[in-house]
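>>> mind folding the following:
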Amino acid sequence: MGQIKFDLPGEEILSPGHFACPGCGATLTMRYVLKALGRKTIVVIPACCWSVIDGPVPYSAAGVPVFHTAFESAASTASGIKAGLEIQGDHETTVVAFAGDGGTFDIGLQALSGAAERNEDFIYVCYDNEAYMNTGIQRSSATPFWAWTTTTPTESPKAEKKKNIVEILAAHRIPYLATASVAYPDDMIAKIQRAKEIKGTRFIHVFSPCPPGWKFEPEDSIKISRMAVESRIFPLFEVFNGRDYKLTREPAGTPVRDYLKSQGRFRHLKESDIQQIQSNVDEEWERLKGKLTFQVESRGKSHLHGVVDPERNPPMRRAIRK
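Numbers count the residues shown, from 1 in each chain. Got it, this is the predicted structure:
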């Protein structure tokens, strides 16, 4: 079968001249999110790399209204902004909470869980660079097993597995969540556009490489992102209503060794360590396969035609008092 042609939206909403590092996955993520959603969007940014990338007040690279908020409150702030828009009669503007893994997996998890339980109507995008990069590359619960950070040095790398944030959000039975990668912009933009059409809490978990934090050359960001997907370290899939799982790209199943060897944060690993990580990845892949409701027909072909059950995607339960 021929390859599906996907035309990326042409308008560039994100401006050049921002403060991101070269090769920054978080900046590519913002670029694609804005392309997918358009200018009728409000972005909520807690303390994270993007607090700096956006530029100094009163300047902003985002090209849409941005509300900077405290580290722990991206989801609650997004909930409030959406409620205010609805009171004003604006039911078209998309509200996006845009946060790193520290403000999602750790510090902001309580607010996110609360918003998801209430099925608040906004999109939450987590750009996951697997550590607290903005404050000096400290370990987060998104940091991978046996990775180096400044708080998990090579003599004692992180001994715990990465928190499975997707399963946590799936347990809330939100209408839609998905994983995405900057190496596959067609897949990411299709998922963001799908999320835009759904009411309720939507969560997008984006693999977001960080050259200085992961210790690799900036020009290798996309290559490393592809290796993460193809090695099954970061598979691409969707979850509807916390129940129906759908793979959107069949990974090649390449060994994790090349991925690990491409980054200085794993330079200390021995062969036995690599084999242990491979075993962990294989175990998680088998667990995911057991949950799949839909399958892709062939490797590399994305099928993005699932239907959200309206009975399991109720409207927001907040009562608006007039």
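>>> now I123: how far from L236?
18 Å (C-beta to C-beta, to the nearest Å). The way it works is simple: take the backbone N, C-alpha and C, and place the C-beta from them, glycine included.
>>> same question but for V64, I mixed them up
According to C-beta to C-beta, V64 stands 26 Å off from L236.
>>> and the two? Which one has more around it.
Ranked by neighbour count (other C-beta atoms under 10 Å), V64 and L236 place L236 first, with 24 against 19.
>>> now the more buried one: closest residue in space that isn't a chain neighbour?
Closest residue to L236 apart from its sequence neighbours, by C-beta to C-beta, 6 or more residues apart in numbering: R249 at 4.4 Å.
>>> pretty sure the one you found belongs to a strand, no?
No: assessed with DSSP: H, G, I helix; E, B strand; the rest coil, R249 is coil; it does not lie in a strand.
>>> ok, T154 - how many residues close by?
The number of residues packed around T154, counting by other C-beta under 10 Å, is 14.
>>> dihedrals phi and psi, it?
With angles defined as degrees, to the nearest 10, T154 sits at phi -60, psi -30.
>>> what do you get for the one 3 residues further on?
When read as degrees, to the nearest 10, the backbone of P157 gives phi -70, psi 170.
>>> quick one: contacts for it?
By C-beta atoms under 8 Å, 6 or more residues apart in numbering, the contact set of P157 is 146-148, 268.
>>> what does I192 give?
Per C-beta under 8 Å, 6+ apart, neighbours of I192: 32-33, 36-37, 123, 125, 180, 204.
>>> swap the cut-off to 10 Å and go again
Neighbouring residues of I192 by C-beta atoms under 10 Å, 6 or more residues apart in numbering: 29, 32-37, 94, 96, 123, 125, 178, 180, 202, 204, 206.
>>> in the sheet, who's paired with V95?
Bridge pairing for V95 (DSSP bridges) gives the partners I42.
>>> next one: E238
Going by DSSP bridges, E238 is paired in beta bridges with A178, K246.
>>> count the residues that sit near it.
Residues near E238, counting by other C-beta under 10 Å: 25.
>>> ranges for the helices of the stretch 101-250 of the chain?
Assigned by DSSP state H, counting those that start in this stretch, the helices in the stretch 101-250 of the chain fall at 109-118, 165-170, 185-196, 211-214, 221-230.
>>> same list (those helices) but as JSON lines, adding mean pLDDT.
Shown next, in JSON lines, are the helices of the stretch 101-250 of the chain (pLDDT from 0 to 100):
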{"stretch": "helix 109-118", "mean pLDDT": "98"}
{"stretch": "helix 165-170", "mean pLDDT": "98"}
{"stretch": "helix 185-196", "mean pLDDT": "97"}
{"stretch": "helix 211-214", "mean pLDDT": "98"}
{"stretch": "helix 221-230", "mean pLDDT": "98"}
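>>> what about those, which gets the closest to S156?
Ranking these by proximity to S156 (C-beta to C-beta) places helix 211-214 first, at 18.1 Å.
>>> which elements pack onto that closest one?
Helix 211-214 sits against helix 221-230, with contacts defined as 3 or more C-beta pairs under 10 Å, 6 or more residues apart in numbering; DSSP states H and E.
>>> okay, buried residues for the helix it packs on please.
For helix 221-230, the neighbour count (16 or more other C-beta atoms under 10 Å) marks 221-230 as buried.
>>> turn the residues you listed into TSV, columns for distance to I165.
As requested, the buried residues of helix 221-230 are arranged in TSV below (distance: C-beta to C-beta, whole Å):
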residue	distance to I165
S221	21
I222	23
K223	25
I224	20
S225	18
R226	22
M227	21
A228	16
V229	17
E230	21
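>>> could you work out the most separated pair of the residues you listed?
S221 and E230 (15.2 Å).
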